[in-house]
Structure formats: structure tokens, C-alpha cells
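S.K.: sequence plus the predicted model coming up.
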Amino acid sequence: MAENRIFSGVQPTGNLHLGNYLGAVKRFVELQEKKAECIYCLVDLHAITNWQEPKDLTENTLEVTATFLACGLKEKTSIIFNQSQVKAHSELAWIFNCVARLGWMNRMTQFKEKAGKNREAASLGLYCYPALMAADILAYHATHVPVGEDQKQHLELTRDIALKFNNDFQAPDFFPVPEPIIEGTATRVMSLRDGTKKMSKSETSDMSRINLTDEIDLIAKKIQKAKTDAFEIPEKKEDLINRPEAENLLTIYASLANKSLDETLKIFCGSDFKKLKTELTDLLIDELKPLGQEIKKLLEDSAYLRKVLKEGSEKARVIADPILEETFDIIGMVK
Ligand code: TRP
């Protein structure tokens, strides 16, 4: 078993935004640089738990691949692929559907949120989504999983599934119990229109988020229009309580400038938001302009992007297939 094996997944359901970049992809790159074995998966099977226009699913999968590469993930160093092409994910997910208990699934807050009031109309896939996520991770015997706060509960479920499987089949330590790596400063980027909600691609207003492919004028406009409050920027972190929009802009600045929130407050305390917005816009443009250009350039070569995914899937299968076979043996499936 590998010492440290990192696995994470991103849904190819739209172009990525600043929240995905600072909270996830940038961290994936840092982990890759630490020389850990990294596996990054575009979870297209998760994406279809809500109906997707087939053409959009294809486009989004290629666009997220381009974004990964533009941000610095390397197809030679990390394994980059899409979930549906490695059958072990769905097969192991079925086994985990038989390990996880209804009582566990019924506690998943993300299902409750996503299904909303009309739970009867939600897909069965949305309900067992976390068992597929457990399969993603455990099919590689991954030890560490970089995820956002919102995925912590799913990771706990993964741990429960691993422990119950090992126990039910008396296969001690067969599935490792993976640890979450929860994001650093970068973190929870909130909507530019409502600092209490996460920046999200499902939010109707495009002004609420910065997309990685936004043109610079649009980035400037979005920051200029971002919601703030009527007070000046304080000196201490504690004074940001109940000022979510102020905290959000300062956090984004801190993350882009590689500074702590305290250091950032020192720079801006006592001033209004104009200065912060101007400097934040400059930082964002410096970072995102080349990124957006690179994404667009890569998107012109879809044959290359498809090749990256195909070769990634081949490498992924080399790890996942034997683990699935061993799982079948443990369960007693005749071959
Ligand atoms: N559920 C994750 C999200 O929406 C995506 C995901 C799927 C994932 N499988 C995973 C994340 C495995 C980490 C590990 O963000």
C-alpha cells in the first residue's frame, strides 16, 4: 500500500470559479508539488445525479480538464481522469450500497439540501451519491482526501464504510480509513452578493462569482459591484463577526497575496472598501488573466485533452482494478 495516496474529485458541471480555484485546485497543485502520489478525478457519474445535457457534460469535462492543466496539474506527475472510464468506481459503489445503512444515508445533510422540499422527485443516484464517493476514494486505498468543509460528512461516511467492510468480512485494514485534508487560508470563498452563501456555479446571478475564464473588465466590474457594508475596515479579526461580505473580500485578498488575514487587516484597517477593491482587482487580474488565456488555448485542442483523460484512466485502472478483484475475493464471489 502506498504511504500517502491522495485522491480528490471535482464535478464537471460547469466552468470553475474562484472558489474552486482557491479552495480546491490550487491545493491540488501544492499537494502534487509535495511529491505525494495524487489522483484527481472528474466525477462525471456524480454529475449525472442531476440531469445533464449530454453536450454540456462533454464540454464541461473537457473544460475542467483544461482548467486543471492551466492551474499547474501535470498529467505526468498526477493521475487526471474521468470517473466513468474506470469501471471499478461503479462496481465498488454497488458493494458499498450493500455495506452502508439507510440510517447513515438519512443523516446526510447535502442530500437534504440538494433534494429540497420535493424529495420524492430526487434521483436514487443523488441519495446514494456518498457511497459512490466512498468507492472513488477506497478503490485506490487512498489515505488523504483534500475536500471542502461541506464534504466532511461524506468523508466520515467513507470512513464508516471502510471500517464496517473490514469488520463484516474480517479483513482487518483492507480498506484504509482515509483522513480529510481541509483547506487552509484559501478556503471558503463566499458569494459576492451574499457573504453568508458559498460562491457557487448554481447561483443564478453571474455577478455573485468570478469565473476563471472571465474577461478582465468583467472581473473589475464584479469586484466593484461586490456587496460591502458602511463601516471601515477594522483592525482585528474579531471585529469581522457579522460582516461576512467584508470578511470574504479580505480573505480572498489574503489568499491571493499569500498573507494571513491579520496581515491583510494591518494593510487596510481604517480605510473604506475602495482601496481594498482596487488592490484586490489588480491581484485577481494578475492571477486570473494568464490562467483564463491558458484555459482557452487548451480548449482549442480537445484531442489533447481527451488523450490526457484516456491515459489517466489507464493509469487509474492499474491501481483500482486489482483492489476491486481483491474485494470480490474477500466477499466470496466465484471467478
Ligand atoms: N462530492 C465532491 C464535491 O461535490 C466531489 C467528489 C466526488 C469527491 N468523489 C470524491 C471529493 C472523492 C473527494 C473525494 O465536492
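M.R.: All right, it came through fine.
S.K.: drop to CA atoms for contacts and neighbour counts, all remaining ones
M.R.: Will do.
S.K.: in a helix, S313, correct?
M.R.: Yes - assignment of S313 by DSSP: H, G, I helix; E, B strand; the rest coil places it within a helix.
S.K.: the closest residue to it other than its chain neighbours: what's it in contact with?
M.R.: Spatial nearest neighbour of S313, chain neighbours left out: F81 (5.1 Å); criterion: Cα to Cα, 6 or more residues apart in numbering. Residues in contact with F81 (Cα atoms under 8 Å, 6 or more residues apart in numbering) are 40-42, 308-313, 316.
S.K.: equivalent analysis for D272, please.
M.R.: Neighbours of D272 in contact, by Cα under 8 Å, 6+ apart: 231-233.
S.K.: can you pull the buried residues of the strand or helix carrying the residue nearest to S313?
M.R.: Using DSSP states H and E, the element containing F81 is strand 79-82. Using 16 or more other Cα atoms under 10 Å as the test for burial, strand 79-82 gives 79-82.
S.K.: helices or strands up against whatever helix or strand comes next after that strand?
M.R.: Sequence-wise, the next helix or strand downstream of strand 79-82 (DSSP H and E) is helix 88-97. Under the contact criterion of 3 or more Cα pairs under 8 Å, 6 or more residues apart in numbering; DSSP states H and E, helix 88-97 touches helix 124-138, helix 302-331.
S.K.: could you dump whichever helix or strand comes after the shortest one to CSV, C-alpha only?
M.R.: Using DSSP H and E, the helix or strand that directly follows helix 124-138 along the chain is strand 144-147. As requested, C-alpha coordinates have been extracted for strand 144-147 and formatted as CSV (Å, rounded to 0.1, in the frame of the first residue of the first chain):
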residue,chain,number,x,y,z
HIS,A,144,-5.8,11.5,2.3
VAL,A,145,-8.6,13.4,0.7
PRO,A,146,-8.4,17.2,0.2
VAL,A,147,-12.0,18.5,0.4
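S.K.: identify the residues contacting strand 144-147?
M.R.: Under the contact criterion Cα under 8 Å, 6+ apart, strand 144-147 has outside partners 4-8, 24, 27-28, 137, 178-183.
S.K.: need the contact list for the residue of the stretch 51-200 of the chain found nearest the ligand.
M.R.: Per Cα to the nearest ligand atom, M133 is where the stretch 51-200 of the chain lies closest to the ligand, at 4.1 Å. Applying Cα under 8 Å, 6+ apart to M133 gives the contacts 93, 154, 158.
S.K.: and the closest residue to the second one other than its chain neighbours, how far from L124?
M.R.: Which is H154. Counting by Cα to Cα, 6+ apart, H154 lies nearest to P130, which is 5.8 Å off, once chain neighbours are set aside. When distance is defined by Cα to Cα, to the nearest Å, P130 is 12 Å away from L124.
S.K.: ok, these two, which is more surrounded?
M.R.: Set side by side, P130 and L124 show more neighbours around P130, with 27 against 10, by other Cα atoms under 10 Å.
S.K.: tell me the spacing between T196 and D56.
M.R.: Taken as Cα to Cα, the span from T196 to D56 is 29 Å.
S.K.: please disregard the earlier target; I meant V86.
M.R.: Counting by Cα to Cα, the gap from V86 to D56 is 21 Å.
S.K.: please apply the same query to F174.
M.R.: 38 Å.
S.K.: the more surrounded of the two?
M.R.: With neighbours defined as other Cα under 10 Å, F174 and D56 compare such that F174 has more, 20 against 13.
S.K.: the nearest residue to that one once chain neighbours are set aside: neighbouring residues, count only.
M.R.: Distances taken as Cα to Cα, 6+ apart place N166 nearest to F174, at 6.1 Å, with adjacent residues excluded. For N166, the count of nearby residues is 17 (other Cα under 10 Å).
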